[in-house]
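S.K.: predicted model, plus sequence, below.
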Amino acid sequence: MKILIVHRAKIPVILYGGIERVIWDLGKELTKLGHKVVFLVNKGSSCDFAQLVPIDESLEIIEQIPNDVDLVHFHFVPENVQRTKKPYLITIHENLITTNAFDLNSVFVSKNHAEIYGADSFVYNGLDWSEYTDPDFTKKRSHFHFLGKAAWRVKNVKGAIQVIKKTKSEKLKVLGGVRFNVKMGLRLTFSPRVSFYGMVGGREKEELLNGSKGLVFPVRWHEPFGLAIIESLYFGCPVFGTPYGALPEIVTEDFGVLSNRVDDLVAAVETSDSFDPKLCHEYALTEFNSRKMTLAYLGKYEKVLSGENINTISPKLKDSQQRKFLEWR
């Protein structure tokens, strides 16, 4: 089968790149399984295992679909997608606040994410763990970490800092943020127990995760999935977060603690050594790998290739969130 993967981004990813990392690993796994992959992505991309077609910004995306592909997998919602002449599906990666109905062939990235739009079709993200270094379980773990775009207030880096500052002596390393931020609401952090590393990637990020006691992740929105969660688990880090979005699906009692109360997470962080790093690692390795994700998508591909729709009714946002931020106290 020849599969076109479409996303408005440049690949491969260097630093953060959540969706870019997912589509790269998906394309690689499809190739390993004997399929041909074409990426329709932004100019400047490179890839050694698949054909690349650069997006022409002067044309609609659907006008740029090659004639010889069997199926198109969009990773955003293109204009006039219903006019696509090839079988297709769309993965919705984000929380899209809209009153418009979604395409019948929409797939979400967690059960909760799908349910928000009145759907039940989802595929968990998975990563190619062979691209990561093996965790060193003999290494001393000296800090906790936050991982994500800290400038997004829904990610609640303030809450993560608050949790750590209420412990007796724990330290936090913020991966994805800076100490002084006035862009997304004033944040001035002077605590010597909190350090900032900006948008780190590659081996530097892996070293920081491998030295961490756990991920502090008190998000204040319905997290669609959260690659930060599975990357942290892979390196043996339990997760201390809020019970929103996909977190309760991924973070069961063996792998962390979820609460929207600061004091609950403070207590959990201070007893983080009760979690088994090797068990966290094995969980991420077996449940959230790119092969498992790819096989799930192949099941969806077969469905649309046979002329069926992914959903029986068009997904639509069930309830607009009344508050911008979910409860944190």
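M.R.: Sure thing, it's come through. Numbers count the residues shown, from 1 in each chain.
S.K.: so residue 224 versus residue 288, what's the distance?
M.R.: Residue 224 sits 14 Å away from residue 288, going by Cβ to Cβ, to the nearest Å. Just so you know, the C-beta spots here come from the backbone N, C-alpha and C atoms, and that holds for glycine as well.
S.K.: got it, and residue 32?
M.R.: 18 Å.
S.K.: those two: which has the busier surroundings?
M.R.: Ranked by neighbour count (other Cβ atoms under 10 Å), residue 32 and residue 288 place residue 288 first, with 22 against 13.
S.K.: nearest spatial neighbour of the more buried one, chain-adjacent residues omitted?
M.R.: residue 230 (4.3 Å; Cβ to Cβ, 6 or more residues apart in numbering).
S.K.: and if you look at residue 164?
M.R.: Per Cβ to Cβ, 6+ apart, closest to residue 164 is residue 172, 4.1 Å.
S.K.: repeat for residue 13
M.R.: In space, residue 13 is closest to residue 20, 4.1 Å off (Cβ to Cβ, 6+ apart).
S.K.: only alpha carbons, please: show the helix or strand the one you found falls within as PDB.
M.R.: Per DSSP states H and E: residue 20 is located in helix 18-32. These are the backbone C-alpha positions of helix 18-32, laid out as PDB (Å, rounded to 0.1, in the frame of the first residue of the first chain):
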ATOM      1  CA  GLY A  18       5.100  16.400  19.200                       C
ATOM      2  CA  ILE A  19       3.100  15.700  16.100                       C
ATOM      3  CA  GLU A  20       6.200  15.700  13.900                       C
ATOM      4  CA  ARG A  21       7.700  13.000  16.100                       C
ATOM      5  CA  VAL A  22       4.600  10.900  15.800                       C
ATOM      6  CA  ILE A  23       4.300  11.000  12.000                       C
ATOM      7  CA  TRP A  24       8.000  10.300  11.600                       C
ATOM      8  CA  ASP A  25       7.700   7.100  13.700                       C
ATOM      9  CA  LEU A  26       4.500   6.200  12.000                       C
ATOM     10  CA  GLY A  27       6.000   6.500   8.600                       C
ATOM     11  CA  LYS A  28       9.100   4.500   9.600                       C
ATOM     12  CA  GLU A  29       7.000   1.700  11.000                       C
ATOM     13  CA  LEU A  30       4.800   1.500   7.900                       C
ATOM     14  CA  THR A  31       7.900   1.200   5.800                       C
ATOM     15  CA  LYS A  32       9.300  -1.600   8.000                       C
END
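S.K.: what's the following helix or strand after it?
M.R.: Heading C-terminal from helix 18-32, the first helix or strand you meet, by DSSP H and E, is strand 36-41.
S.K.: got the domain ranges for the protein?
M.R.: As given by automatic domain parsing, the domain ranges for the chain are 2-127+291-305, 129-286.
S.K.: what residue ranges in the stretch 151-300 of the chain score low on pLDDT?
M.R.: 179-189 (pLDDT under 70).
S.K.: strands of that one, residue ranges please.
M.R.: Secondary structure of the stretch 151-300 of the chain (DSSP state E, counting those that start in this stretch): strands at 172-175, 180-181, 187-188, 194-196, 212-217, 239-241, 256-258.
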